[in-house]
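> from the sequence below, what's the structure:
(2 chains, ligands or ions: 2)
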Amino acid sequence: MILKIAWRNVWRNKRRTLITAAAIFFAVLFSVVAESFNRGIFDGMIDNTVRFYSGYGQVLKKGYWEERTLDKSFELSDSLSQQLLSIDGVDQLVPRLESFALASYGKITKSSMLVGIDPSKENQLTGLSKRVVKGAYLKADDQAILISEGLANKFKLDIQDTLVLISQGYHGVNAAGKYPVKGIVSFGSPELNATMVFLPLATAQWFYGAEGLLSTLVLDIENKSTAERAVAELKKTLNADDYELKDWKQMMPEIIEMKALKESSNKIMLLVLYLIVSFGIFGVIVMMTKERQYEFAVLLSIGMQRRTLSMITWLETVLLGVFGALIGIVASYAMMYYILLNPIKVTGDMAVAYEKFGIEPILLTSVDLDIFANQAITVFVITSLIALYPLNKIWKMKPVDAMRS
Amino acid sequence: MKEVIKVQAIKKTYNAESIPVHALRGVDLSIQQGEFTALVGPSGSGKTTLLNIIGGLDAATEGSVLIDQQNISQLTDSQLIDFRKEHIGFVFQAYNLIPVLTAKENVEFVMLLQGKSQAERDARVKDLLGAVGLSEQIDRRPNQLSGGQQQRVAVARALASKPKFVLADEPTANLDSKSTADLLDIMAKLNREENITFLFSTHDQRVIDRAQRIVTLEDGAIISDEQNAIGS
Ligand SMILES: Nc1ncnc2c1ncn2[C@@H]1O[C@H](COP(=O)(O)OP(=O)(O)OP(=O)(O)O)[C@@H](O)[C@H]1O
Ligand SMILES: [Mg+2]
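Ligands and ions are numbered 1, 2, ... in the order given. So this is what the prediction gives:
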């Protein structure tokens, strides 16, 4: 009965209820859209980088991260390998030997990222073979390269053409070689697409004069939550004098920082928005309370306890908010889900900015449930707080005075 | 005969600190079970004040109110609310009903607060709305009822809890003469047939004429208290 009365009271002044619900609806919609894009974009960036290249964690020789020199490469000993693989969640170890190299074809010379990979392990980690758009994927003993599409286009070279590579090898030795293009790979990330050259690990070690050495050991970990635990565990056991462990957050500090920055500016904006909406709702509730003084007085007179009456008005206010929030959530969920399935292409300056961060120029959204739950909780808390106003009035009310005026 | 209301030496002073208004200056009144009493007097004489104090809606400055031997001035706010729910029926001048509930639900509501069973509520709602002549209108909301019909629902609601008596402060003030007569007929019939005790205030001579007992207040004191031979 209490619920029935509250629900009907919500609909007593339909127009007012709809306006209030609409305000909440738009606040929720706006918040969700802002949050969803924000998270979608940055998580997209992170995911992209993690899945297509960096992995959730990497083991490096101490000092390599800052200096990026092959002189800081290391040998993967059996004991290190066993130690790493014994950590729960680490599925396999993906070795790389990477450095910069000048690549020439005909009269054109470009700088490139030349990476030695274990073709099958690399493929399991990043799905590299699926990126082959022309030619074939590498085998472990190939004396050939995979080249990224953007770079291939700049050289105007095709498979079977031969690329000349020049670099500085381990301890300053000259590194030079000629390799045929076995396949062309395409990356969504414009940066990767314009620089990457892959060759089998053994071939790369020979090229760089770094027999048996690695610059990077990527940990193949299933997902973010496993990664956090595994990395924490590893940090405790790994010899910190020799090795360094980088997790995905440390590997892309700019993105993490930008995400946090954007999140806090969003928060401020949403705070202001909710403040405005709250005042609106508050106004409506104050009006409602004023109008119903007499009615409240009658109810107290005929024997309704103050707590029961309070319960009704509290429910009314919260129902009003939850109703608005609910349709806002449903609408925004549908909208964000639709955009997730049909991403919006970014053009112009925005696209350039995206490319700078190495991600595909599309707007991703997130439909993480907590984004929606947060809105529901926010509205619930706000309306519950606003409901304190009529509660306070009811608690202090003297029926006689209320009925006299 | 059973004494249901005993008012002893009630005084009520408003604004005691600034400009005191002596609304009641020492009122004694005893109401027996089954009486049909009109409280009359000029505007400002203290009728509403007295009814509110008897109903436990307002506290007297001095004196005591005994309802069926129980001194209600000793009850806490919450106990008083429960006391009203169980023992006193109220009919106010207007806007008695919960606007979002139908006639049936308004009457049922009080019994719900009392925790009565569904079967008992249904039976009693039917009886009461039948008794006030609104069997046809049970599913209407207050705004779909005339002022007179609303007051009749209010009477039914006041009786739903089986109170010891019904207090009505100018129940006919907003009604036309036909509705006034109808309401009075119903109240009188309930009084006659069910032995329900009514205490109501009024300005209306036609209503006064229907009372069995007429208590007249003036300037906060009772100046006459007489049986009315021609009362209904
Ligand atoms: N809350 C209050 N504060 C101050 N004075 C009050 C208050 N309530 C009533 N009074 C005064 O007390 C006196 C009695 O008022 P009351 O309402 O009881 O009279 P009444 O007989 O019901 O009058 P009416 O026929 O106009 O309804 C009046 O002088 C009134 O102004
Ligand atoms: Mg009055």
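> which stretches in the stretch 1-150 of chain A count as strands?
Counting by DSSP state E, counting those that start in this stretch, one finds strands in the stretch 1-150 of chain A at the ranges A:57-61, A:90-105, A:108-117, A:132-135, A:145-148.
> packed most tightly, which of those strands would that be?
Of all these, strand A:145-148 carries the top mean neighbour count, a mean of 26, counting by mean count of other CB atoms under 10 Å in any protein chain shown. Every residue, glycine included, has its C-beta placed from N, CA and C.
> contacts for that one?
With contact meaning CB atoms under 8 Å, 6 or more residues apart in numbering or on different chains, strand A:145-148 is reached by A:128, A:132, A:135, A:137-138, A:157, A:163, A:165, A:179-187, A:192-199.
> CA atoms of it as CSV?
Taking Å, rounded to 0.1, in the frame of the first residue of the first chain, the C-alpha atoms of strand A:145-148 are listed here in CSV:
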residue,chain,number,x,y,z
ILE,A,145,61.2,-10.1,-43.5
LEU,A,146,57.7,-9.0,-42.9
ILE,A,147,57.2,-5.4,-43.5
SER,A,148,54.4,-3.1,-42.4
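> what lines up beside it in the sheet?
strand A:174-185 (parallel), strand A:196-200 (antiparallel) (DSSP bridges).
> how far is it from where the chain is centred?
29 Å (CA atoms, centre = their mean, to the nearest Å).
> check stretch B:123-138 too.
19 Å.
> kindly report the same for stretch A:233-250.
Distance of stretch A:233-250 from the chain centroid (CA atoms, centre = their mean) equals 23 Å.
> show me the shaky parts of chain B.
The model of chain B has pLDDT under 70 over residues B:230-232.
> show me what from it comes close to chain A.
B:52, B:55, B:57-58, B:77-78, B:81-82, B:84-86, B:90, B:92, B:95-96, B:98-101, B:105, B:109-110, B:112-113, B:157-158, B:161 (CB under 8 Å from any CB of the partner chain).
> out of the residues you listed, list just those in strands.
Using DSSP state E, the subset of the residues of chain B next to chain A located in strands is B:F90.
> could you turn the buried ones of the residues of chain B next to chain A into a PyMOL selection?
The buried residues among the residues of chain B next to chain A can be selected in PyMOL (16 or more other CB atoms under 10 Å in any protein chain shown) with this line:
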select buried, chain B and resi 52+55+57+58+81+84+85+90+92+95+96+98+100+101+105+109+110+113+157+158+161
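> returning to that earlier point: out of the contacts of strand A:145-148, which are buried?
A:128, A:132, A:135, A:137-138, A:157, A:163, A:165, A:179, A:181-185, A:187, A:192-199.
> just to revisit the earlier point, make TSV from the strands paired with strand A:145-148 and add distance to B:K6 to it.
Below are the strands paired with strand A:145-148 laid out as TSV (distance: least, CB to CB, whole Å):
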stretch	distance to B:K6
strand A:174-185	100
strand A:196-200	100
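> so what's the closest residue to chain B within chain A closest to, chain neighbours aside?
Nearest residue of chain A to chain B: A:G303, at 2.4 Å (CB to the nearest CB). Once flanking residues are discounted, A:G303 sits nearest to B:K85: 2.4 Å by CB to CB, 6 or more residues apart in numbering or on different chains.
> quick one: contacts for A:L151?
A:103, A:110, A:112, A:193-197.
> equivalent analysis for A:V197, please.
So A:V197 contacts A:101, A:103, A:112-115, A:145-148, A:151, A:163, A:165 (CB under 8 Å, 6+ apart).
> cutoff 6 Å now
By CB atoms under 6 Å, 6 or more residues apart in numbering or on different chains, the contact list for A:V197 reads A:112, A:114, A:145, A:147.
> one more: A:L163?
A:L163 neighbours (CB under 6 Å, 6+ apart): A:103, A:105, A:179.
> same thing but 7 Å
A:103, A:105, A:145, A:147, A:157, A:179, A:181 (CB atoms under 7 Å, 6 or more residues apart in numbering or on different chains).
> and the angle from the helix or strand harbouring it to strand A:174-185?
Using DSSP states H and E, A:L163 maps to strand A:162-168. On the basis of axes from the mean of the first three to the mean of the last three CA atoms, to 10 degrees, strand A:162-168 is oriented at 140 degrees to strand A:174-185.
> buried residues, strand A:162-168. List them.
A:163, A:165, A:167-168.
> how about the helices in chain B?
For chain B, helices defined by DSSP state H occupy the ranges B:47-54, B:77-87, B:103-114, B:118-131, B:147-160, B:177-194, B:205-210.
> a markdown table for those helices, including distance to ligand 1?
Output for the helices of chain B, formatted as a markdown table (distance: least, CB to the nearest ligand atom, whole Å):
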| stretch | distance to ligand 1 |
| --- | --- |
| helix B:47-54 | 3 |
| helix B:77-87 | 18 |
| helix B:103-114 | 25 |
| helix B:118-131 | 28 |
| helix B:147-160 | 17 |
| helix B:177-194 | 16 |
| helix B:205-210 | 13 |
